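Participant: dropping the sequence and predicted coords here.
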Amino acid sequence: DPLPAGTADDGSVSTVDIRQDNLVIVGQVGSGKSTMLNGLIAGLVQRDDVYVCVSDTSGEGRLLRYWTRAWAEGRASRPAIDWPATTIEDTELMLLSLIQIMEGRPADYARLMMDQNSDKILPTPDLPQIVLVLDETNALPDRIIDLIIDLTNRGRGPAIRVVFCALEATSAGVPRELLKQSRERIGLRFSDEAEIQYLFDATWSSGRFDMSTMKH
């Protein structure tokens, strides 16, 4: 099911669908990215058909600490998230593993997909959706970014989706190749209107994107 991500002007809940689509979140320091990521992770870990991987290479573990602390202190038998990565090396290993899963799943579960009358894996508790949440992506080297782009390009059928969080909506912060495969996009705070143009609609100046809808 879609995850709650905020409220609209009329008080209704705004949601994001990362069952089918990748999600990009962009915002300056202090704009609320970590709070939003924690809210999305909270929604994911309550589902019994999702396997959650999180990368936070900030060195402070701000995002991971809430989801691993009870386990680290011996108050839980396992962390709330399934794979926490805290370094570049951990993140690269996690991505390489996910790519192997992505390439193996369609063949391994071909019979199941045929029985389900689907050309894509339908998540269940025994065969969960995999969601990769990436924070502090500005610190990731190009080789890691290339692996992430590969997952966003080919992961939909094998039920692997990506949540990518960046500080700025530019080609340096969010590569164009990744943005093309991320139909779910959230902008929290920008330094200039060019970032809004880049994130949401490259032709907004010609009328497709209405700036008056950006009230906050």
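Facilitator: Cool, got the structure.

Participant: ok now the longest helix anywhere in the chain, how far from the chain's centre?
Facilitator: For the chain, the helix with the greatest residue count under DSSP state H is helix 88-108. Between the centre of helix 88-108 and the centre of its host chain there is 15 Å, according to C-alpha atoms, centre = their mean, to the nearest Å.

Participant: could you pull out the buried residues of the very next helix or strand once past it?
Facilitator: Read in the C-terminal direction, the helix or strand following helix 88-108 is helix 110-115, with elements assigned using DSSP states H and E. Along helix 110-115, these residues count as buried under the neighbour rule (16 or more other C-beta atoms under 10 Å): Met113. For glycine as for every other residue, the C-beta is placed from the backbone atoms N, C-alpha and C.

Participant: just the mean pLDDT for helix 110-115, thanks.
Facilitator: The average of the pLDDT scores along helix 110-115 is 90.

Participant: contacts for it, please.
Facilitator: Helix 110-115 is contacted from outside by Pro106, Asp119, Lys120, Ile121, Leu122, Leu127, using C-beta atoms under 8 Å, 6 or more residues apart in numbering.

Participant: okay, now Phe162: neighbour count?
Facilitator: No, residue 162 isn't Phe; it's Val. 25 (other C-beta atoms under 10 Å).

Participant: picking that back up, and the longest helix of the chain, what does it pack onto?
Facilitator: With contacts taken as 3 or more C-beta pairs under 8 Å, 6 or more residues apart in numbering; DSSP states H and E, helix 88-108 sits against strand 50-56, strand 83-85, strand 129-135, helix 142-154, strand 160-166.

Participant: to Ile196, which of those lies closest?
Facilitator: Ranking the helices and strands packed on helix 88-108 by proximity to Ile196 (C-beta to C-beta) places strand 160-166 first, at 13.9 Å.

Participant: what does whichever helix or strand comes after that closest one rub up against?
Facilitator: Using DSSP H and E, the helix or strand that follows strand 160-166 in sequence is helix 176-180. When contacts are defined by C-beta under 8 Å, 6+ apart, helix 176-180 is touched by residues Asn22, Val24, Ile145, Ile148, Ile149, Thr152, Asn153, Phe164, Arg185, Tyr198, Leu199.

Participant: against Asp90, how distant is the residue nearest the centre of the chain?
Facilitator: Taking C-alpha atoms, centre = their mean as the criterion, Val163 is the residue nearest the geometric centre of the chain, at 0.8 Å. Noted for Val163: a distance of 17 Å to Asp90, by C-beta to C-beta, to the nearest Å.
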